[in-house]
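Novice: Generate coordinates for the sequence data below:
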Amino acid sequence: MKICVVGAGAIGGVLAAHFARAGFETSVVARGPHLAAIRASGLTLITPEGRSNVRVRADDDPAALAAQSAQPEVVFLALKAHQIPAMLPRLAPLIGPDTVVVPAINGVPWWYFFREGGRFDGEPVRSLDADGTMLRALDPHHIIGCVVHASGEVTAPGEITWNGQKLFVIGEPDGSLTRRLNALAEAMLKSGLAPTVSERIRDDLWMKLIGNASFNPVAALTQARMDAICANPALIAFLRAMMEEMTIVANAYGIRQLVTIDRRLEIAKSIGAVKISMHQDLELGRPMEIDAIIGAFLELARKVGVATPLADALHGMIAELARNLPRG
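Specialist: Residues are numbered from 1 along each chain as shown. Next up, the predicted model:
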């Protein structure tokens, strides 16, 4: 199996390093100093167990990678939400009739209503894809959904520091158990990852989203690591109320709650002294994934007529912070 990882940052780098180390033909799309370092010295993964280095083909142009080898069987899309619209048309040279595309991304995915089966089936998520351009740029039949339960950080060009968590939940948008889904799970397992196959991938998306849309804006606004947030009773009280509000929206979509709010908070505490994604983006002067992580949630809430005053306020604060940041 040939694997291409588009976006070799924190999560993409973890995926690429594992697949390459397991002997899969692995390529990555990266850019800037990170790309230069990977080309010169390989991709380095620093884990609690030690340090490893792998060599992978790397380029900033998907078409160049496609010209160097046959089309990959699997393309992982590990980009920030705002980077995806421009990238989807560029993926065309990598995508064959049977290529699987796995968006390993944060927040609500643009394909959320593809084969969702409810009253909004097939609609775009307009806060992410206003006129359906993204759904047209990549045929969503290629997509297998993915929820990432891992955390990492690019600590130097060509170098990923990873916390050791390796759970990836994967599932078909319509819940079917297909041959391609099983093949993907087997490849991930062989690579030392911990894939779980889900027949209700949106349940898993909401499980992650409820934590993401509450903790991430708070982390950016307070500039606090996860351990500090979890040790602050006032913040935990707010986060609990926010999660309760989000659960009402999830229930309106028929989502099964996979964990209790108490368990969510325990999971957050177990992450440790980590800067989560919005905090990292804020410090590095990068755009934060506000639309995908909380803006799209608000859109879904409005579609089912559920009021979300806490999420509205949190969204207003983080959006205003983003507007007032120096560009770059």
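Novice: Now for the residue most central in space within the chain: which residues touch it?
Specialist: Centroid check for the chain by Cα atoms, centre = their mean gives Ile105 as the closest residue, at 1.8 Å. The neighbourhood of Ile105, defined by Cβ atoms under 8 Å, 6 or more residues apart in numbering, consists of Leu77, Ala78, Leu79, Lys80, Ala81, Ile84, Cys146, Val148, Ala292. The C-beta positions use only the backbone N, C-alpha and C, and glycine is treated the same way.
Novice: Over to Ala250?
Specialist: Here Ala250 is in contact with Trp206, Ile210, Gln257 (criterion: Cβ under 8 Å, 6+ apart).
Novice: Would you confirm that the second one belongs to a strand?
Specialist: No. Counting by DSSP: H, G, I helix; E, B strand; the rest coil, Ile210 falls outside a strand, being helix.
Novice: Please point out which parts of the worst-scoring helix or strand of the chain on mean pLDDT sit buried.
Specialist: Lowest by mean pLDDT, DSSP states H and E among the helices and strands of the chain is strand 152-156, with a mean of 88. Going by neighbour count (16 or more other Cβ atoms under 10 Å), the buried part of strand 152-156 is Gly152, Glu153, Val154.
Novice: and if you look at stretch 262-277?
Specialist: Buried residues in stretch 262-277 (16+ other Cβ under 10 Å): Arg264, Leu265, Ala268, Ile271, Val274, Lys275, Ile276, Ser277.
Novice: ok, now stretch 123-136?
Specialist: Buried, per 16+ other Cβ under 10 Å, within stretch 123-136: Glu123, Pro124, Val125, Ser127, Leu128, Asp129, Met134, Leu135.
Novice: and the fourth one, how far is that from Ile294?
Specialist: For Ser127, the distance to Ile294 (Cβ to Cβ, to the nearest Å) stands at 10 Å.
Novice: do Asp61 as well
Specialist: For Asp61, the distance to Ile294 - Cβ to Cβ - is 32 Å.
Novice: which one of the two has more residues nearby?
Specialist: Ile294 (30 against 12; other Cβ atoms under 10 Å).
Novice: ok but the more buried one is inside a strand, no?
Specialist: No. According to three-state DSSP, Ile294 belongs to no strand; its state is helix.
Novice: How confident was the prediction at it?
Specialist: pLDDT recorded at Ile294 is 96.
Novice: Same question for Arg327.
Specialist: Value listed for Arg327 in the pLDDT field: 67.
Novice: can you list the domains in this protein?
Specialist: 2-199, 203-323 (automatic domain parsing).
Novice: chain center to the last one: distance?
Specialist: For domain 203-323, the distance from its own C-alpha centre to the chain's C-alpha centre is 14 Å (Cα atoms, centre = their mean, to the nearest Å).
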